[in-house]
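A.B. asks: Got a predicted structure here, sequence first:
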Amino acid sequence: MIANTAFAAALTTFLIVAWLAGELSYLAPYKVALFRYHGPLIIGGVLYYSVSRWLFLRDTGRKLHHLDQQLVTADTAIEEVHSYFES
């Protein structure tokens, strides 16, 4: 099920990018000027996004796994939530 969802997300992303490339083809003659003037801003945004993901989402998987294990135990601290996770 996760593989199907990942495939659907990748396909959707590819289709949106392909559609945008077709819609923005009129900007092709200006690409040198666009990247010359706005390139540092684009690179700065990509760097900021990458560094912030690395800093703030570093331990997210481990923390969510710990929370998931805590919620399915019988002596969970959140009793009203525990009833939703019982199978």
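C.D. replies: Structure's in. What do you need?
A.B. asks: Under the pLDDT cut-off, which ranges of the protein? List them.
C.D. replies: Residue ranges of the chain with pLDDT under 70: 74-87.
A.B. asks: Check which helix or strand the most centrally placed residue in the chain maps to.
C.D. replies: Nearest residue to the geometric centre of the chain (CA atoms, centre = their mean): Arg53, 9.4 Å. Here Arg53 sits within helix 31-56, counting by DSSP states H and E.
A.B. asks: Quick check: next helix or strand after that helix?
C.D. replies: With DSSP H and E, the next secondary element past helix 31-56 is helix 60-71.
A.B. asks: and that following helix, what does it pack onto?
C.D. replies: With contacts taken as 3 or more CB pairs under 8 Å, 6 or more residues apart in numbering; DSSP states H and E, helix 60-71 sits against helix 79-85. Yep, even glycine has a C-beta here, placed from its N, CA and C like the rest.
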